[in-house]
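Chemist: Need coordinates for the following:
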Amino acid sequence: MSTTERPRILVVGGGYVGLYAARRILKKMRFGEATVTVVDPRSYMTYQPFLPEAAAGSISPRHVVVPLRRVLPKAEVLTGRVTSVDQDRKVAVIEPIVGEAYELPFDYLVVALGAVSRTFPIPGLAENGIGMKGVEEAVDLRNHVLEQLDLADSTTDEEVRRKALTFVFVGGGFAGAETIGEVEDMARDACKYYTNVKREDMRFILVEAANRILPEVGPELGKWGLEHLRERGIEIYLETSMTSAVDKHVVLANGLEVDASTIVWTAGVKPNPALANFGLPLGPRGHVDTAPTLQVQGMDHVWAAGDNAQVPDLASGEGAWCPPNAQHALRQAKVLGDNVVSGMRGFPQHEYRHKNMGAVAGLGLHKGVALLFGKIKLRGRLAWYCHRGYHGMAVPTFNRKFRVLADWTLAMFLKRDVVALGALENPREEFYGAAAPVTAAAAAKAKAKAAEQAVEVKSGEAEKAKAS
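Modeler: Next up, the predicted model:
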């Protein structure tokens, strides 16, 4: 047991699993039974299914995040990273946002690090790509796209204009298809306010390595989604990949080359690489190997779930793993929370078993696809209602549900906001320019320029006098 007076349950990660598991543990525990500590580099949980709508301006970015300290008032929330774990000593190394790293003892461990973007060594991708894993990236994408419309509307350089109005999205799963659908919808709406930009001037490209998009909703709805996006003027290239993005010059494996100011990467995820330092058994793809009870194989004090774990899917048959989606993560977190409390009290563990209820995807305002209970297939406006209804109920806390509903309700009566706030990236730039002390070199340069202008003025006056 740790050196603390009461056992410590350390939850590494404050995403879906971390937040919901911590809430469940606190709800099931007796007062003072244990200390729950949640560690995450961000002080909030992001509801990722709403990121495409946040990028399109349908939902305020603040409403897709949930502050951990407000939702977990009885937990200890530390803003930092767990860089390594010594399972023998039961000690984790915490690296705070500011200050020196330190060791934190624990008695029970919940691994909920989630996943990071799965990338490949493509030249130029790191320098020019935009991901869609966090709310910061969604806000940046929205501002960036609207800034490109501003640029295209103001320039007379056709090459610059063409590059600004070309948008490339890589990845045709939920994240890629939903994001390009929402962003295209926003851009189509925004161009009504520009004199020199029309939808026909824009070029949207979706690149997918597989032979279809939206595999989560099945081949029939995936085909409908593909045809629907193409009808909206979106170019879709299947069974191909991006090979280069140097200087925002995109080269595809099928030979297509295009200059694009916007490159969005949504080509899947992979387990957090930090798991390699946690002393846990990992599967072939880097996931934590768990039993159906969500306990890590061979360890009775460690549990894992969500995108960073390979959890046996008992409802689908032997050899299957639960897919990395929000539906499983939310339900696994509740079972995990119950099992942590049961394990702490010496009670038996319960196995996780959940039959997939279906999948929903939004492709812009009033557009979507939905597969319910594996049988019911919906598309268009009705599927979009199912998408919003499900995620409106699933987003955590009544506070966020109400705020999201308010955003949607206001959007029914008010036009979409198309203001780009790109200056948020460097908010102090203008003030610094006004307040920064003038260096000697800058002063000398300004003095020389003033002297040069004075000579030009005198020369002009002399010429006028001579002419008269």
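
Chemist: Okay, helices next: where are they in the stretch 51-200 of the chain?
Modeler: Applying DSSP state H, counting those that start in this stretch to the stretch 51-200 of the chain gives helices spanning 51-56, 68-71, 125-128, 135-154, 158-164, 174-190.

Chemist: Could you look over those helices and pick the most buried one?
Modeler: Among the helices of the stretch 51-200 of the chain, helix 51-56 has the highest mean neighbour count (mean count of other Cβ atoms under 10 Å), at a mean of 28. The way it works is simple: take the backbone N, C-alpha and C, and place the C-beta from them, glycine included.

Chemist: what about dumping the CA coordinates of that helix to CSV?
Modeler: The C-alpha coordinates for helix 51-56 follow below in CSV (Å, rounded to 0.1, in the frame of the first residue of the first chain):
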residue,chain,number,x,y,z
LEU,A,51,-15.3,18.6,-33.1
PRO,A,52,-16.6,18.7,-36.8
GLU,A,53,-19.5,20.8,-35.7
ALA,A,54,-17.2,23.0,-33.7
ALA,A,55,-15.0,23.4,-36.8
ALA,A,56,-18.1,24.5,-38.8
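
Chemist: So which elements touch it?
Modeler: Helix 51-56 is packed against helix 135-154, helix 174-190, with contacts defined by 3 or more Cβ pairs under 8 Å, 6 or more residues apart in numbering; DSSP states H and E.

Chemist: Now render these as JSON lines, adding distance to residue 344 and mean pLDDT.
Modeler: As requested, the helices and strands packed on helix 51-56 are exported to JSON lines (distance: least, Cβ to Cβ, whole Å; pLDDT from 0 to 100):
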{"stretch": "helix 135-154", "distance to residue 344": "34", "mean pLDDT": "93"}
{"stretch": "helix 174-190", "distance to residue 344": "36", "mean pLDDT": "95"}
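
Chemist: closest one to residue 58 among those helices?
Modeler: Using Cβ to Cβ as the measure, helix 174-190 is the one of the helices and strands packed on helix 51-56 that comes nearest residue 58, at 7.2 Å.

Chemist: how much distance is there from that closest one to the middle of the chain?
Modeler: Per Cα atoms, centre = their mean, to the nearest Å, the displacement of helix 174-190 from the mean C-alpha position of its chain is 15 Å.

Chemist: go on, stretch 312-328?
Modeler: The chain centre lies 23 Å from the centre of stretch 312-328; the measure is Cα atoms, centre = their mean.

Chemist: And for stretch 311-318?
Modeler: Put simply, stretch 311-318 sits 28 Å off its chain's centre (Cα atoms, centre = their mean).

Chemist: was I right about residue 305 contacting residue 21?
Modeler: Yes: assessed by Cβ atoms under 8 Å, residue 305 is found in contact with residue 21 at 7.3 Å.

Chemist: Just confirm residue 404 contacts residue 389, I think it does.
Modeler: No: Residue 404 lies out of contact with residue 389 (Cβ under 8 Å); the separation is 11.5 Å.

Chemist: on that earlier part again, got CSV for the helices and strands packed on helix 51-56, with distance to residue 65 too?
Modeler: CSV is the format used below for those (distance: least, Cβ to Cβ, whole Å):
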stretch, distance to residue 65
helix 135-154, 6
helix 174-190, 17
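
Chemist: on that earlier part again, make JSON lines out of the helices of the stretch 51-200 of the chain and add distance to residue 334.
Modeler: What follows is the helices of the stretch 51-200 of the chain, written out as JSON lines (distance: least, Cβ to Cβ, whole Å):
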{"stretch": "helix 51-56", "distance to residue 334": "23"}
{"stretch": "helix 68-71", "distance to residue 334": "15"}
{"stretch": "helix 125-128", "distance to residue 334": "37"}
{"stretch": "helix 135-154", "distance to residue 334": "24"}
{"stretch": "helix 158-164", "distance to residue 334": "47"}
{"stretch": "helix 174-190", "distance to residue 334": "23"}
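
Chemist: among the ones you listed, which is nearest residue 435?
Modeler: Residue 435 lies closest, by Cβ to Cβ, to one member of the helices of the stretch 51-200 of the chain: helix 135-154, at 25.0 Å.

Chemist: And for that closest one, what's in contact with it?
Modeler: For helix 135-154, contacts defined as Cβ atoms under 8 Å, 6 or more residues apart in numbering pick out 46, 51-52, 54-57, 61, 64-65, 130-132, 160-161, 164-165, 167, 179, 183, 186-187, 190-191, 194-197, 201, 261-262, 264, 418-422, 424-425.

Chemist: sorry, back to before: residue 348 is nearest to which of the helices of the stretch 51-200 of the chain?
Modeler: Closest approach to residue 348 among the helices of the stretch 51-200 of the chain is made by helix 68-71 (29.2 Å; Cβ to Cβ).

Chemist: Which parts of the stretch 201-350 of the chain are helices?
Modeler: Along the stretch 201-350 of the chain, the stretches classed as helices by DSSP H, counting those that start in this stretch are 218-231, 326-345.

Chemist: Could you identify which of those helices is most buried?
Modeler: helix 326-345 (a mean of 22).

Chemist: Return the distance of that one from the chain's centre.
Modeler: 24 Å.

Chemist: how far off helix 174-190 does it point, in degrees?
Modeler: Angle, helix 326-345 to helix 174-190, by axes from the mean of the first three to the mean of the last three Cα atoms, to 10 degrees: 130 degrees.

Chemist: before we move on, back to that, compare residue 404 and residue 389 (neighbour count), which wins?
Modeler: It is residue 404, of residue 404 and residue 389, that has more neighbours when counted by other Cβ atoms under 10 Å, with 22 against 12.

Chemist: And the nearest residue to that one once chain neighbours are set aside, how far from residue 399?
Modeler: Excluding its sequence neighbours, the residue lying closest to residue 404 (Cβ to Cβ, 6 or more residues apart in numbering) is residue 63, at 5.3 Å. To residue 399, residue 63 is 9 Å away according to Cβ to Cβ, to the nearest Å.

Chemist: who's more crowded, these two?
Modeler: More neighbours surround residue 63 than the other of residue 63 and residue 399, with 22 against 14 (other Cβ under 10 Å).
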